[in-house]
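**Q** using only what follows, build the 3D model:
(chains A and B)
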Amino acid sequence: DAKTTQPTSMDCAEGRAANLPCNHSTISGNEYVYWYRQIHSQGPQYIIHGLKNNETNEMASLIITEDRKSSTLILPHATLRDTAVYYCIVRVAPNTGGFKTIFGAGTRLFVKA
Amino acid sequence: DTGVSQDPRHKITKRGQNVTFRCDPISEHNRLYWYRQTLGQGPEFLTYFQNEAQLEKSRLLSDRFSAERPKGSFSTLEIQRTEQGDSAMYLCASSYGLAFYTGELFFGEGSRLTVL
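**A** Below is the predicted model of the structure:
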């Protein structure tokens, strides 16, 4: 699975959009981009994933560049409860045999009042 | 709540003792994963089951570690002769294993091990 590069930490004001970048310049054509987050003392929580189109769900939006070498997770209106470590992961699609999700160190997002 | 449950949530033991953690996955999930997480690091993959078959073990899983999933439902992770370096959060996750599976893992809240 391709490796990702994320900033170690970021700050965001409450109520503003949080934009978390991720570089994955060695991503392969059959690899998806996944985002998870981990709130203190809890297990990681799935947020969203995509292949090449932008995706949106009730939690966040995922913007993937046309060359797929980077992506941005957007939390449109960050709240204090969004303070967490956010992990960007690339992995092959499970229906092609991939099963292992490898986590990096992630980005620690601090949402401030 | 029908999420992934782990037991115990916290375990303090003395070096050299054996410990066992249990994971109950979401009932319709046939894939189960164990991860280990130390302070400030992301979760590290340890092992993976599809039904009762253990399909992959990380090199992190030394001979002192053994995982089982005897009936394809709950799983146990045993650490024999614990060492201080085993102190970590042990996370269990489960997922579907169907053709349309999206890749989403559902994690439990983890079992925190402290080895004195």
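**Q** spatially nearest residue to B:His29 (excluding sequence neighbours)?
**A** B:Ser94 (3.8 Å; Cβ to Cβ, 6 or more residues apart in numbering or on different chains). Bear in mind the C-beta positions are built from the backbone N, C-alpha and C, glycine included.
**Q** how many other residues sit next to the one you found?
**A** 24 (other Cβ atoms under 10 Å in any protein chain shown).
**Q** and the residue in chain B that chain A sits nearest to, what's its pLDDT?
**A** For chain B, the residue closest to chain A is B:Phe107, as judged by Cβ to the nearest Cβ, at 3.0 Å. Listed pLDDT for B:Phe107 reads 95.
**Q** same check, this time on B:Leu32
**A** 92.
**Q** now residue 60. Its backbone dihedrals?
**A** I went with chain A, as the question did not name one. When read as degrees, to the nearest 10, the backbone of A:Ala60 gives phi -160, psi 170.
**Q** wait, chain B
**A** Note on B:Leu60: backbone dihedrals following degrees, to the nearest 10 are phi -70, psi -20.
**Q** do the helix or strand harbouring B:Phe21 and chain A meet?
**A** Using DSSP states H and E, B:Phe21 maps to strand B:19-24. No - Strand B:19-24 is not in contact with chain A by Cβ under 8 Å from any Cβ of the partner chain; minimum separation 10.9 Å.
**Q** now swap in stretch B:39-54 and tell me
**A** Yes - using Cβ under 8 Å from any Cβ, stretch B:39-54 comes into contact with chain A via B:Gly40, B:Gln41, B:Gly42, B:Pro43, B:Glu44, B:Phe45, B:Tyr48, B:Gln50.
**Q** out of those, which is most surrounded?
**A** B:Pro43 (29 neighbours).
**Q** distance of it from B:Ala93?
**A** 9 Å (Cβ to Cβ, to the nearest Å).
**Q** shared neighbours, these two?
**A** Residues touching both B:Pro43 and B:Ala93 (Cβ atoms under 8 Å, 6 or more residues apart in numbering or on different chains) are A:Pro44, B:Tyr35.
**Q** returning to what we had before: restricted to strands, list the residues of stretch B:39-54 next to chain A.
**A** In strands, defined here by DSSP state E, the members of these are B:Glu44, B:Phe45, B:Tyr48, B:Gln50.
**Q** between these, which sits nearest A:Asp11?
**A** Distance ranking of these against A:Asp11, using Cβ to Cβ, places B:Glu44 first at 27.3 Å.
**Q** Provide a list of residues in contact with the closest residue to the closest one other than its chain neighbours.
**A** The spatially closest residue to B:Glu44, leaving aside those adjacent along the chain, is B:Arg36, at 5.1 Å (Cβ to Cβ, 6+ apart). With contact set as Cβ under 8 Å, 6+ apart, B:Arg36 has these partners: B:Pro43, B:Glu44, B:Leu46, B:Leu60, B:Ala88, B:Met89, B:Tyr90, B:Leu91.
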